[in-house]
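**Q** coords please:
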Amino acid sequence: MSEHNDRRSRKDRKSRAHDSVQGEGDYRAAKRYRHDVEDFVARADVDALAHQAAPSSAKEARDLALAADRGRERSRGDDAADAGLMYPGRKPDAHR
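**A** Model prediction:
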């Protein structure tokens with residue numbers, strides 16, 4: 001039966017091959033992620049991991065704080081059309 005003569009709704013006609021394709025709202029991936037996070041938190045010693053990830057020196061702590069500040073500053077008012085804001089030192093594209 002050709003698709004033009006098929007009286008079923010478009011949703012019902014969808015082939016099974018397309019059922020695995022999801023767009024931006026990938027609910028199965030979100031469910032897997034939540035499950036994995038819950039499993040990790042339940043099994044891992046999160047406090048010990050946090051202590052291991054802590055800066056090992058005052059210099060490292062200062063560098064991390066500066067990087068965090070730079071990241072926060074960059075996130076304020078980013079304009080994708082202005083390459084100078086997004087990438088300091090890069091000149092704006094003359095073609096735009």
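
**Q** which stretches of the protein aren't confidently modelled?
**A** Along the chain, segments meeting pLDDT under 70 span 1-23, 74-96.

**Q** how near is Ala53 to Leu64?
**A** Going from Ala53 to Leu64 by C-beta to C-beta, to the nearest Å gives 10 Å. The way it works is simple: take the backbone N, C-alpha and C, and place the C-beta from them, glycine included.

**Q** So between the two, which is more surrounded?
**A** With other C-beta atoms under 10 Å as the criterion, Ala53 and Leu64 differ in neighbour count, and Leu64 comes out ahead with 12 against 8.

**Q** quick one: what helix or strand has the more buried one in it?
**A** Secondary structure assignment for Leu64, by DSSP states H and E: helix 58-75.

**Q** Go through that helix and flag the buried ones.
**A** Buried residues in helix 58-75, defined by neighbour count with 16 or more other C-beta atoms under 10 Å: none.

**Q** Also stretch 36-43?
**A** Within stretch 36-43, no residue counts as buried by 16+ other C-beta under 10 Å.

**Q** can I have that stretch written out in CSV, keeping just the CAs?
**A** Included here for stretch 36-43 are C-alpha records, laid out as CSV according to Å, rounded to 0.1, in the frame of the first residue of the first chain:
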residue,chain,number,x,y,z
ASP,A,36,23.3,6.9,36.7
VAL,A,37,23.7,10.0,38.9
GLU,A,38,21.5,8.5,41.6
ASP,A,39,23.5,5.2,41.4
PHE,A,40,26.8,7.1,41.7
VAL,A,41,25.7,9.2,44.7
ALA,A,42,24.4,6.1,46.4
ARG,A,43,27.6,4.1,45.9
